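1. sequence first, predicted coordinates after that:
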Amino acid sequence: MPRKNEPTERTCAVTREVLPVTELLRFVMAPDKTVVVDVKGTLPGRGVWVTAKKSVLQEAIKKRAFSRGFKEQVNAEEGLADHTDELLEQAALGALSMSRKAGNLIVGYSKVEASLKKESVLALVHATDASEDGVRKLAAVAASRFGKVDRLSVIRLFTSDQMSTHLDRENVIHAVLLAGEAGRNFVKHAQRLAQFRDVSAGADDDGTKGAVTQD
């Protein structure tokens, strides 16, 4: 997100495309000249912007785009792309936890099924290791209410263990995000992570594949 009074568009240091800052990641130079990702958009100093995709970040490291951007020799370590992925993942999982505390998250197959039939729903969340049968059945419930016009976001980015740990619950497989600020914040973080991993480009018609997709 852009900081207050800052431009809403920036140029990618690799592709030279001018993009909204929501589609970019900002990097700053630490005192030891190590390149650091500014996931929250709060770190001080001059920033170099890169399209928020892991493949583009890896290209930036390979082509020394950061040294050109900062106009001096900097250290962009090979593990920067993986570390960025980890930080984006933790931010999304943290937002998932906050959505539960705010009352915007329902977990458990039966409760999710019931919520899909009557609640104001933002998104379905499935563990990456969820059974495809369960995913298809919930997709059918969602389709019976929302149809194919007003589609529902489907998020599959985290394992059951990851969701269980961050939600302090056992065996979390399916969840549903209810309308609310915390729920919207999680969806935003999930979309950002999916964009970085370049896994948000589509799903099978039954909603069983993909990351942040449409059911």
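-> In hand now; what should we look at?

2. need the three-state assignment for the closest residue to residue 63 other than its chain neighbours.
-> The shortest distance from residue 63 to any non-neighbouring residue, by CB to CB, 6 or more residues apart in numbering, is to residue 14 (6.9 Å). In short, each C-beta sits where N, CA and C put it, glycine included. Per DSSP: H, G, I helix; E, B strand; the rest coil, the secondary structure class of residue 14 is coil.

3. for residue 14, phi and psi?
-> phi -100, psi -60 (degrees, to the nearest 10).

4. residue 174 too?
-> According to degrees, to the nearest 10, the main-chain angles of residue 174 amount to phi -130, psi 150.

5. do the same with residue 25
-> Per degrees, to the nearest 10, the backbone of residue 25 is at phi -120, psi 140.

6. please name the residues that touch it.
-> Residue 25 sits next to 37, 38, 39, 49, 50, 51, 52, 57, 84, 196 when contact means CB atoms under 8 Å, 6 or more residues apart in numbering.

7. who's it bridged to?
-> Bridge pairing for residue 25 (DSSP bridges) gives the partners residue 50.

8. how about residue 105?
-> Using DSSP bridges, the beta-bridge partners of residue 105 come out as residue 177.

9. and it, how close does it get to residue 31?
-> Applying CB to CB, to the nearest Å, the value for residue 105 to residue 31 is 40 Å.

10. check residue 41 too.
-> Distance from residue 41 to residue 31, by CB to CB: 20 Å.

11. now the longest helix along the chain: average pLDDT?
-> Identified as the longest helix of the chain according to DSSP state H is helix 80-101. Mean pLDDT, helix 80-101: 97.

12. how about it: buried residues?
-> Going by neighbour count (16 or more other CB atoms under 10 Å), the buried part of helix 80-101 is 80-81, 84-85, 87-89, 91-93, 95-100.

13. got the contact list for that helix?
-> With CB under 8 Å, 6+ apart as the test, helix 80-101 has contacts from 25, 35, 37, 39-40, 54, 57-58, 61, 105, 107, 125, 157-158, 162-163, 166-167, 177, 180, 182-183, 185-186, 188-190, 192-193, 196-197.

14. those residues in helices, which ones?
-> Per DSSP H, the contacts of helix 80-101 map to helices at 54, 57-58, 61, 162-163, 166-167, 182-183, 185-186, 188-190, 192-193, 196-197.

15. tell me the SS of the residue lying farthest from the centre of the chain?
-> Farthest-out residue of the chain from its mean C-alpha position, per CA atoms, centre = their mean: residue 72, at 31.6 Å. Applying three-state DSSP to residue 72 yields a three-state assignment of coil.

16. skipping its backbone neighbours, what lies nearest it in space?
-> residue 33 (7.5 Å).

17. over to residue 55?
-> Distances taken as CB to CB, 6+ apart place residue 198 nearest to residue 55, at 6.4 Å, with adjacent residues excluded.
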